[in-house]
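Student: no sequence on this one, just coordinates:
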């Protein structure tokens, strides 16, 4: 536990949180947590899913109203019961899911809800101040553009500027890189560096250890709602040690790869598949590929190059225009999600809350979402509650879902545990074909490895796997072969032996290999 | 661990009861104040209200009589609500059920009683179901908002009833009869549960309806599908559920339930259909379902509360000369408070700012409410995606 816990430095901490305890019903999310952040530092908050990072920050930002313990802001004890108080103190938060209104302009979003708004909004004056501010930080952003026209990275900048506009001196960034492309991540790091140079304090919540090592000064590691350690980044010898502190000693952090026989006959064959996107544009252009049993095919590409549409076609959520979709020789094109599930196609969806879960329903009910009409869970149209309960018990245990009760709504689980729930359901079906999209999104190191190892086990059992993830490293690590997707087409292919990151990067940017 | 889980569930059940109870107490207090301000004898009014609800066997029976149709209309709203649809057409569906049920109840004769009952109930169910399914079809086919269509269909149903009671071939043709439909055959009138009261066996049918509602929604795969669609339409698409058919089905079943509520009141109480014989039952059903949180047991309790207030209100009017509109007001206030959980959090934190540890434990229901509210906008956003 006491891995060289660092004592408070001589400098006056901008923020001290002492003995913070937060309970939800009978569940203790935070237990006597201490956090001390110095002025002008970038402080990382690390921890597993459900370790309490977001809960701690929500306490600080006044989103809960009630907590036990004391918060000292610039030396003085303060009681933060609502977000207005937090903002007045100079605390700003950029949430993982942006709090912006897409149909309104940038400047309208900036002044939204500010206390000094008068009956008549003086947007022009606000825009002048905003432009000035954005120039100070080199974050050029047109105040009159509608938010829906901004890219994700720009929206994040807007969120940061919004906080700065409210005179925030402490910025909380909640998993800021989760939604960004690699270039945008670099941009964000520049911004953080500039904020630091201007004397701002930043709390950086992340799972990604390499990012933390790169831009943070100190880090506090939470585990199960308590502080595991507070360290200077310079004290950290290697990433393994950080990971160990986060997940404890018993968790497995290695990928268990073992040679397994790849079948010779293709299990999945897609031929000349075309489909249109949401606005009628052709987003998949005559795609053809095949996956053999026991093989993992990764698809690389910058988001928005047709991966989502391809997956939706393969899972029955979107109608394809032309092509063939053969699973063990059977054409399943446009035959509906139910039929696909029946034929042994599993799908870990990109967005677990949008597609993967009915979050108001309980765990048992969510775990039968894919297989509820099968004889395992239903007989003559009646649900078999005993079996469903036992199934849920086994699955939650096997996949280490942290829960209070099987009857609690899935919404009450932390994001990572929700993802485990979806993964458990889809993997346990013993599918023939698994389509895994961002299967480790929102998972901490330990849990991500756990899900990845579960997928590798599926591979050994002869499942064909299509693997799509946001991070190139992850795709390369997992797949036997990758296809690079660019503007709805595959522009390159590499097998594991010949992986070359530079070449893949070029292809992702649209340069085919000559 | 298991013990813990049980506690957790038990206390959350208790909390669900706490809010309606608070609302009731507050509403009664406000009603009391209002009556005082208006110069009525409020104490006497509440005494007679109590007398009218529990004062005698007859009073209890009358409360249950008023409860019966509310259970049906509340189930009607709740069923659609659980499937993610808003059914404000309970009123119209109830009338359509009553019309078709009483047509068959009066015109058919010579059938064995059980078969005749079967036919009547089937007709009433179908009458309401078709009326409901129209809204469902309009929604899935043309994306018409069910809020509008159900309300508009109410007016059509009311005019239809008005036509039936005054025009051939439906009206009662006995000379000198008021505008009404002919009375149902004697053999299908529902028997009394308690002699010398009006409590008829329709109450048992209402309990049966509640049981069926529970079994269907929580124990069958179809009910599961409906609840998933209600919770997250995209998850329903993901699991390959027939989302559109299910929406129509849910509306059909909801309408059918309301229709049964209509015919039960005819067969058990009035025996013939008149204009406005059940005015407001459809909308009271919405209130009951809201108060009962669309849960079977909740609906039963809430329906009894509203039914009892209705029954007691009549007594209050005669004994204390307080207009029964006061009861409608109290019912309104109950709903007002019951749908404003944050009001109580706010009140609580204002009243006890210092006892943070105590308020922490009571903080729990709002925090779970906060979670569900925080999710709500997301769910709104995730309307089922239209596929090309």
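Tutor: Yep, that arrived. Bear in mind the structure is a predicted one, so any value in this text is a computation, not a measurement.

Student: wait, is residue A:148 part of a helix?
Tutor: Yes - assessed by DSSP: H, G, I helix; E, B strand; the rest coil, residue A:148 belongs to a helix.

Student: got the contact list for the spatially closest residue to residue B:225 that is not a sequence neighbour?
Tutor: Leaving aside its chain neighbours, residue B:225 sits nearest to residue B:241 (4.7 Å; criterion: C-beta to C-beta, 6 or more residues apart in numbering or on different chains). Yep, even glycine has a C-beta here, placed from its N, CA and C like the rest. Residue B:241 sits next to A:338, B:225, B:228, B:229 when contact means C-beta atoms under 8 Å, 6 or more residues apart in numbering or on different chains.

Student: And the pLDDT at the residue most central in space within chain A?
Tutor: The centroid of chain A falls nearest to residue A:442 when counting by C-alpha atoms, centre = their mean (3.4 Å). We have a pLDDT of 70 for residue A:442.

Student: of all of chain B, which residue lies closest to chain A?
Tutor: Of all residues in chain B, residue B:240 sits closest to chain A, at 2.9 Å by C-beta to the nearest C-beta.

Student: Quickly note the distance from that residue to residue A:438.
Tutor: 21 Å (C-beta to C-beta, to the nearest Å).

Student: Kindly report the same for residue B:53.
Tutor: 58 Å.

Student: The two: which has the busier surroundings?
Tutor: More crowded of residue B:53 and residue A:438, by other C-beta atoms under 10 Å in any protein chain shown: residue B:53, with 23 against 20.

Student: can I assume that one is in contact with residue B:310?
Tutor: No - counting by C-beta atoms under 8 Å, residue B:53 stays clear of residue B:310, with 9.6 Å between them.

Student: So the residue of chain B closest to chain A lies in a helix, does it not?
Tutor: No - counting by three-state DSSP, one finds residue B:240 to be coil, located in no helix.

Student: okay, now it: neighbour count?
Tutor: Neighbour tally, residue B:240, other C-beta under 10 Å: 21.

Student: repeat for residue A:214
Tutor: Neighbour tally, residue A:214, other C-beta under 10 Å: 12.

Student: what's the answer for the one 5 residues further on, then?
Tutor: Number of residues near residue A:219 (other C-beta under 10 Å) recorded here: 26.

Student: So which other helices or strands are in contact with the host helix or strand of it?
Tutor: According to DSSP states H and E, residue A:219 maps onto strand A:218-223. In terms of contacts (3 or more C-beta pairs under 8 Å, 6 or more residues apart in numbering or on different chains; DSSP states H and E), strand A:218-223 is packed against strand A:27-38, strand A:42-47, strand A:226-232, helix A:239-247.

Student: pLDDT (mean, whole number) over the second one?
Tutor: This means strand A:42-47. 88.

Student: hang on, the earlier thing: now do the strand holding residue A:219, average pLDDT.
Tutor: Mean predicted lDDT for strand A:218-223 stands at 88.

Student: so what strands line up beside that strand?
Tutor: Sheet pairing of strand A:218-223 (DSSP bridges) gives strand A:42-47 (parallel), strand A:226-232 (antiparallel).

Student: just so I have it, where are all the strands in the stretch 151-300 of chain A?
Tutor: Applying DSSP state E, counting those that start in this stretch to the stretch 151-300 of chain A gives strands spanning A:170-174, A:201-205, A:218-223, A:226-232, A:268-276, A:282-291, A:296-300.

Student: and the first one with chain B, contact?
Tutor: No - residues of strand A:170-174 are not located near chain B by C-beta under 8 Å from any C-beta of the partner chain, the shortest gap being 14.5 Å.

Student: and if you look at the longest one?
Tutor: No - in this structure, strand A:282-291 remains apart from chain B according to C-beta under 8 Å from any C-beta; the gap is never smaller than 11.1 Å.

Student: Partner strands of that strand, with direction?
Tutor: Short version: by DSSP bridges, strand A:282-291 pairs with strand A:268-276 (antiparallel).

Student: Could you check the angle the strand it pairs with makes with strand A:296-300?
Tutor: 20 degrees (axes from the mean of the first three to the mean of the last three C-alpha atoms, to 10 degrees).

Student: Please state the mean pLDDT value computed over strand A:268-276.
Tutor: For strand A:268-276, mean pLDDT is 90.

Student: Okay, buried residues for that strand please.
Tutor: Neighbour counts over strand A:268-276 (16 or more other C-beta atoms under 10 Å in any protein chain shown) mark A:268, A:269, A:270, A:271, A:273, A:274, A:275, A:276 as buried.

Student: do the same with stretch A:94-110
Tutor: Buried residues in stretch A:94-110, counted by 16+ other C-beta under 10 Å: A:94, A:95, A:98, A:100, A:105, A:106, A:107, A:108, A:109, A:110.

Student: The fifth one: what's it in contact with?
Tutor: Translated: residue A:105. A:143, A:144, A:145, A:146, A:147.

Student: Check the last one too.
Tutor: With contacts defined as C-beta under 8 Å, 6+ apart, residue A:110 is in contact with A:126, A:130, A:143, A:158, A:161, A:162, A:165.

Student: Residues touching stretch B:319-332, excluding its own?
Tutor: B:27-28, B:30-31, B:34-35, B:40-41, B:44-45, B:47-49, B:51-52, B:284, B:287, B:306, B:309-310, B:312-314, B:316-317.

Student: Any of those buried? List them.
Tutor: The neighbour-count test (16+ other C-beta under 10 Å) marks B:27-28, B:30-31, B:34-35, B:40, B:45, B:47-49, B:51-52, B:284, B:287, B:306, B:309-310, B:312-314, B:316-317 as buried among the contacts of stretch B:319-332.

Student: Which elements pack onto the worst-scoring helix or strand of chain A on mean pLDDT?
Tutor: The weakest-scoring helix or strand in chain A, judged by mean pLDDT, DSSP states H and E, is helix A:239-247 (a mean of 75). Judged by 3+ C-beta pairs under 8 Å, 6+ apart, the packing partners of helix A:239-247 are strand A:42-47, helix A:209-215, strand A:218-223, strand A:226-232, helix A:445-460.

Student: Right, I'll leave it there.
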